[in-house]
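Visitor: Sequence below, structure please.
(chains A, B, C and D)
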There are 2 protein chains.
Amino acid sequence: MAEQSRGSVTLMDVAARAGVSLATASRALNGSTRRVGDDLRERVLAAARSLNYAANAQAQAMARGRTNVVGLVVHDIADPYFSSIAAGVMEAAEGHQVLVTLGSTLRRPEREVEYLVALRGQHSRAVILAGSRMDDSPVAEALRREIEIFEGDGGIVVAISQHQLPVDTVVIENRLGARDLATSLVELGYRRFGVLAGPDALLTARDRVHGFRDGLGRAGLDLDPTLVVHGAFTRDGGHQAMRSLLDRVGELDCVFAVNDVMAVGAMVAVREHGLSVPQDLGLAGFDDISTLRDVNPSLTTVRLPLEKVGATAFDLVQTAAERTKPRTRRIKGEVVLRQSTRPAVAS
Amino acid sequence: MAEQSRGSVTLMDVAARAGVSLATASRALNGSTRRVGDDLRERVLAAARSLNYAANAQAQAMARGRTNVVGLVVHDIADPYFSSIAAGVMEAAEGHQVLVTLGSTLRRPEREVEYLVALRGQHSRAVILAGSRMDDSPVAEALRREIEIFEGDGGIVVAISQHQLPVDTVVIENRLGARDLATSLVELGYRRFGVLAGPDALLTARDRVHGFRDGLGRAGLDLDPTLVVHGAFTRDGGHQAMRSLLDRVGELDCVFAVNDVMAVGAMVAVREHGLSVPQDLGLAGFDDISTLRDVNPSLTTVRLPLEKVGATAFDLVQTAAERTKPRTRRIKGEVVLRQSTRPAVAS
DNA sequence: GTCTATCGTGGAAGCGCATTCCTACGAGGA
DNA sequence: TCCTCGTAGGAATGCGCTTCCACGATAGAC
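Guide: Predicted structure coming up:
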């Protein structure tokens, strides 16, 4: 029997209908340290139900002085890398009575700061910054400053990617993964590598290049700097970067794109050029984006458990109370060799 | 010169530092009908800046009686279909002073209702339900009821997909798109079709099958019901469904998967069976998911402007005040013929 | 049988802000 | 010079809720 009154139903309405005080109604609905008699509790719950009562979350937040909103800030939600992480966060949050709000910076780093301010206004319990750090000191400085304020207000900040900020961080082992990949590729017999390196300012991209060079170095190989071309971290970026490498394709036997999306773009560029992967050129990516697992030839890459990354970040949020100093959780990637790097090694 | 005090900075702190009253500080910061002298305004703004003041959003919401939170509820944020829509919504929301909160139902329809309740508690200005309606009367009934309550509280509800609810809706022309696709495939010379149909309860899937059958019918062709197999709306669902069709592959010359993700799974199944697309079998999908545009052979599909869908939904939210009855915005798909349906027609 | 913990309940304060109402002040007309 | 009107600033109220405190009743201890 829903009784719709003008405006929304308040706790007072519920209390009145149940014939109890505001305090009792509140205690019955949200359970507190105080106990409420069974009969009254029942009456209150029944009243709430019949009135379709939904507690006003802002009023609760104000009265309690805290909320259970967790902000998640990503660079681009349409990018499967981030949407996988987001899915991991949301799944982990499931059943924990928290509301996840999602912000997308559209790849503009200064928006990260804006979101942080907005989330502070919301009195967010925590914010998860899920994107590569940038090599951009003014913005980084502003971010650092705003984080300090946010934490000063009692908020929790968790970062995903590099440990560049003095906060709990889920570190993705980009260097290690790229190094292992390089090692594996050398084992397969490749010797002359090109790299599609992504934006230079993006630390994730840079780490992967460094790690890759490292791995080659351990095998006694050099990476020719002129064969490292930068480009956007997207499919088109990979496509363009690969094209600019095509006239030197004779000097290469394998190309490493610093993420899968770029690798797919590169694969198209190679094909358009009349060459074949892996017959004419090996190709490897990074991330193991699940929607790209079925490209043909299937892509050699470094598998990153992205949903686990998100879940780990959420776990850091949940356990932040006990921390005394910034914690680090390392997530490793695992090389997955598939068809794009040698017919014989088809997975 | 940030002065960090215990707890967060309130408007009262700002007013005190500027040497004005609370009321004046509020008016200076948010501009109201009333004017504030220039000197005082300057003082207030300077004080706010130096204290790193961020207005408490819940307090504002409570005092004003409304918020600028817009809830977006999707079935699965890791699915590129939904993440594209989400990106469209968020981009459209950019600069409109609204906070988008994202909920993922993990494909459990009853969670849509739960989110609606939570968002009502948040006093959300609006909620966008971005997922196919289900053919599930108890849940649908509960949803309908909760929508009524939500709207009774002054909230705006916008749906994306089918116009099954009495709310503003962005209708995706699934039937029309599938019909056009069928027509195009018949023009290409295909005659004997199989369909990987997705879950039967999902109206989006069902509409696409119906539309496809419709298109065939117009060409005088029948769709053998035993060649329509259901399965999950995912890559693996497509893979399995295709496998179950493989023993009858001799009776087929083309398969329509009701979305791209399933089509990709199907393509793998076909390949694993030792057959080739399109030489042995044509294959078409639906959605034109951008990350899947580079599969090889490239996929014939129906392009859906998903970001535009999201943007349109947001526009409906923004213009909801003027509506007198549920509005409908129709978004059409466009057939894109690529390599998966005939070597000669490579795009 | 009285006295003191204990527990369930109600009253009321206060969270931070927008906003209404009120006051004081200055300017302009008579 | 006096009165009136317009305007800028301040005090106070209330949004819906949690929680501290007070109070009465009940139960256990002596």
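Visitor: Give me the pLDDT value at the nearest residue to residue A:88 once chain neighbours are set aside.
Guide: Distances taken as C-beta to C-beta, 6 or more residues apart in numbering or on different chains place residue A:310 nearest to residue A:88, at 2.5 Å, with adjacent residues excluded. C-betas here are computed from N, CA, C, even on glycine. pLDDT for residue A:310: 98.
Visitor: Can you classify residue A:310 by secondary structure?
Guide: Secondary structure, DSSP: H, G, I helix; E, B strand; the rest coil: residue A:310 is helix.
Visitor: mind listing what it touches?
Guide: A:84-92, A:130, A:160 (C-beta atoms under 8 Å, 6 or more residues apart in numbering or on different chains).
Visitor: The residue in the stretch 151-300 of chain A that DNA strand D sits nearest to: neighbour count?
Guide: The stretch 151-300 of chain A approaches DNA strand D most closely through residue A:154 (14.7 Å), counting by C-beta to the nearest atom of the strand. Residue A:154: 13 surrounding residues under other C-beta atoms under 10 Å in any protein chain shown.
Visitor: Pretty sure it sits in a helix.
Guide: No. Per three-state DSSP, residue A:154 lies outside any helix segment and is coil.
Visitor: Quick check: closest non-adjacent residue to residue A:195.
Guide: With C-beta to C-beta, 6+ apart, the residue lying closest to residue A:195 is residue A:228, at 4.5 Å.
Visitor: Oh, that last question was meant for residue A:28, not what I typed.
Guide: Closest to residue A:28 by C-beta to C-beta, 6+ apart is residue A:44, at 3.8 Å.
Visitor: Phi, psi for residue A:283 please.
Guide: Phi and psi for residue A:283, reported as degrees, to the nearest 10, are phi -150, psi 130.
Visitor: bridging residues for it?
Guide: Listed beta-bridge partners, residue A:283: residue A:255 (assigned using DSSP bridges).
Visitor: Assess the claim that it and residue A:295 are in contact.
Guide: No. Counting by C-beta atoms under 8 Å, residue A:283 does not reach residue A:295; the two are 10.2 Å apart.
Visitor: Now the common contact residues for those two.
Guide: With C-beta under 8 Å, 6+ apart, residue A:283 and residue A:295 have common neighbours residue A:267.
Visitor: what does the stretch 1-150 of chain A put close to DNA strand D?
Guide: When proximity is defined as C-beta under 7 Å from any atom of the strand, the stretch 1-150 of chain A approaches DNA strand D at A:7-8, A:10-12, A:22-23, A:26-27, A:29-30, A:32-34, A:53, A:55-56, A:59-60, A:62-64.
Visitor: at 6 Å instead, please
Guide: Within the stretch 1-150 of chain A, the positions adjacent to DNA strand D are A:7, A:10-12, A:22-23, A:26-27, A:30, A:32, A:55-56, A:59-60, A:62-64 by C-beta under 6 Å from any atom of the strand.
Visitor: In helices only, show me the residues you listed.
Guide: The helices, defined by DSSP state H, take in A:11-12, A:22-23, A:26-27, A:30, A:59-60, A:62-64 from those.
Visitor: Which members of these are classed as buried?
Guide: Using 16 or more other C-beta atoms under 10 Å in any protein chain shown as the burial test, those include A:11, A:26-27, A:59-60, A:62 as buried.
Visitor: Out of those, flag the one nearest to residue B:118.
Guide: For those, the minimum distance to residue B:118 (C-beta to C-beta) is 12.1 Å, reached by residue A:60.
Visitor: ok, the closest one to chain B distance?
Guide: To chain B, residue A:60 is 8 Å away according to C-beta to the nearest C-beta, to the nearest Å.
Visitor: Endpoint to endpoint, stretch A:58-73 covers what distance?
Guide: The first and last residues of stretch A:58-73 sit 22 Å apart, counting by C-alpha to C-alpha, to the nearest Å.
Visitor: what does that stretch contact?
Guide: A:57, A:86, A:89, A:93, A:97-105, A:112, A:115-116, A:119, A:122-131, A:154, A:314, A:317, B:56-59, B:61-62, B:67, B:122-123.
Visitor: Next: stretch A:106-115.
Guide: Counting by C-beta under 8 Å, 6+ apart, A:71, A:73, A:75-76, A:103, A:105, A:127, A:129, A:131, A:134, A:136, A:139, A:142-143, A:146, B:91, B:94 sit against stretch A:106-115.
Visitor: Among those, filter down to the buried ones and hand me the ChimeraX syntax, if you would.
Guide: Buried residues within these, by 16+ other C-beta under 10 Å, are selected in ChimeraX with:
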select /A:71,73,75,76,103,105,127,129,131,134,139,142,143,146 /B:91
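Visitor: Select from the contacts of stretch A:106-115 every entry located in strands.
Guide: Taking DSSP state E, the ones among the contacts of stretch A:106-115 that sit in strands are A:71, A:73, A:103, A:127, A:129.
Visitor: Enumerate the residues of chain A near DNA strand C.
Guide: When proximity is defined as C-beta under 6 Å from any atom of the strand, chain A approaches DNA strand C at A:20-24, A:34-37, A:40, A:62-63.
Visitor: Turn those residues into a markdown table, columns for distance to residue B:270 and pLDDT.
Guide: Below are the residues of chain A next to DNA strand C laid out as a markdown table (distance: C-beta to C-beta, whole Å; pLDDT from 0 to 100):
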| residue | distance to residue B:270 | pLDDT |
| --- | --- | --- |
| A:20 | 66 | 93 |
| A:21 | 69 | 92 |
| A:22 | 66 | 92 |
| A:23 | 67 | 92 |
| A:24 | 66 | 93 |
| A:34 | 65 | 73 |
| A:35 | 64 | 79 |
| A:36 | 63 | 82 |
| A:37 | 67 | 84 |
| A:40 | 65 | 89 |
| A:62 | 59 | 91 |
| A:63 | 60 | 92 |
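Visitor: Including distance to residue A:200, could the residues you listed go into a markdown table?
Guide: A markdown table is the format used below for those (distance: C-beta to C-beta, whole Å):
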| residue | distance to residue A:200 |
| --- | --- |
| A:20 | 65 |
| A:21 | 64 |
| A:22 | 60 |
| A:23 | 60 |
| A:24 | 63 |
| A:34 | 60 |
| A:35 | 62 |
| A:36 | 62 |
| A:37 | 67 |
| A:40 | 66 |
| A:62 | 46 |
| A:63 | 49 |
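Visitor: out of those residues, who's nearest chain B?
Guide: Among the residues of chain A next to DNA strand C, residue A:62 lies closest to chain B (C-beta to the nearest C-beta), at 5.0 Å.
Visitor: Next, count neighbours for the closest residue to DNA strand C within the stretch 1-150 of chain A.
Guide: Closest to DNA strand C within the stretch 1-150 of chain A is residue A:37: 2.8 Å, counting by C-beta to the nearest atom of the strand. For residue A:37, the neighbour count with other C-beta under 10 Å is 11.
Visitor: Could you pull up the mean pLDDT of stretch A:108-125?
Guide: Mean per-residue pLDDT for stretch A:108-125: 91.
Visitor: Can I get that stretch in CSV? Just the C-alpha atoms.
Guide: Only the C-alpha atoms of stretch A:108-125 are listed here, as CSV (Å, rounded to 0.1, in the frame of the first residue of the first chain):
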residue,chain,number,x,y,z
ARG,A,108,43.5,15.3,-19.9
PRO,A,109,45.7,14.9,-16.8
GLU,A,110,44.5,18.2,-15.2
ARG,A,111,41.1,16.8,-15.0
GLU,A,112,42.3,14.3,-12.5
VAL,A,113,42.8,17.2,-10.1
GLU,A,114,39.4,18.6,-10.8
TYR,A,115,37.8,15.3,-10.0
LEU,A,116,39.7,15.1,-6.8
VAL,A,117,38.3,18.5,-5.7
ALA,A,118,34.8,17.4,-6.7
LEU,A,119,35.2,14.2,-4.7
ARG,A,120,36.4,16.1,-1.8
GLY,A,121,33.3,18.2,-1.9
GLN,A,122,31.3,14.9,-2.0
HIS,A,123,33.3,13.8,1.1
SER,A,124,34.2,10.7,-0.8
ARG,A,125,35.6,8.1,1.4
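Visitor: any idea how far that stretch is from the chain center?
Guide: From the chain centre to the centre of stretch A:108-125 is a distance of 16 Å (C-alpha atoms, centre = their mean, to the nearest Å).
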